[in-house]
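Enquirer: Make a model of this:
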Amino acid sequence: MISRVTVFCASSQKVDPVYFKDALELGEILAKNQISVYYGGGALGLMGCLADTMLKNGGHITGIIPGFMFEQGWGHPKADHIIVSDMHERKKKLVENTDAVIALPGGVGTMEELLEMITLKQLGKFLAPIVILNTNGFFNPLLRLFEQMIKQHFMREIHYNIWTTASKPSEVLQAITNAPDWDGSAIKYAPS
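Expert: The predicted structure follows:
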């Protein structure tokens, strides 16, 4: 049973409409399935689109946002918010008691959040499914880099089980459900 997910995504308003389409569709799917969302709290870009869609469809979304960002007026005006002291606390709170992490396309902030969760899962400190929504092949270069890391023995083949990819929002819930099991003993695989 999936009750809450964490979504990492962009705040840029200038990205191709295909990314907004998938953020909107994901929001509809999550709201329809009564899955609540933790996200970065923003009102713009894919963040804003996701929040608007969740709220429009009767879903529940909570922004986790540092005080300095909230003071800049970056928080979504209608979403619930948890104000935290800094970016480190934000990441920690974003994944508390979550059933899965979903990464949509984004900039360096999204990449940093995604890579930290992959690192923590590699170390057995985060165990929930991580789904990469690969809209328009956005994540292909990153996925090729992961493949190169594994082929060149910077990671082990078992580390392919850390993340799952979906090419469209309609595949995300199934990707969460079908994600390989992962437990705290995974730390034994961390050294390649």
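
Enquirer: So, low pLDDT: which residues of the chain?
Expert: Along the chain, the model assigns pLDDT under 70 to residues 191-192.

Enquirer: Name the helix or strand for Lys121, please.
Expert: When secondary structure is defined using DSSP states H and E, the element that contains Lys121 is helix 108-122.

Enquirer: Which elements pack onto that helix?
Expert: Contact analysis of helix 108-122 by 3 or more C-beta pairs under 8 Å, 6 or more residues apart in numbering; DSSP states H and E lists strand 4-8, helix 87-94, strand 101-103, strand 130-133 as its packing neighbours. Every residue, glycine included, has its C-beta placed from N, CA and C.

Enquirer: Kindly confirm my reading that Ala23 is in a helix.
Expert: Yes: if the criterion is DSSP: H, G, I helix; E, B strand; the rest coil, then Ala23 is within a helix.

Enquirer: gap between Leu132 and Lys56?
Expert: Wrong residue type there; residue 132 is Ile, not Leu. Look at Ile132 and Lys56: by C-beta to C-beta, to the nearest Å, they are 26 Å apart.

Enquirer: need the contact list for Phe8.
Expert: Neighbour list for Phe8: Tyr39, Gly40, Leu94, Val101, Ile102, Ala103, Leu104, Gly106, Gly109, Thr110, Glu113, Leu114 [criterion: C-beta atoms under 8 Å, 6 or more residues apart in numbering].

Enquirer: need these in CSV with neighbour count and distance to Ile150, can you?
Expert: Written out in CSV, the entries for these read as follows (neighbours: other C-beta atoms under 10 Å; distance: C-beta to C-beta, whole Å):
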residue, neighbour count, distance to Ile150
Tyr39, 27, 30
Gly40, 30, 29
Leu94, 23, 27
Val101, 25, 20
Ile102, 27, 23
Ala103, 26, 19
Leu104, 29, 24
Gly106, 23, 23
Gly109, 17, 25
Thr110, 20, 22
Glu113, 22, 22
Leu114, 21, 17
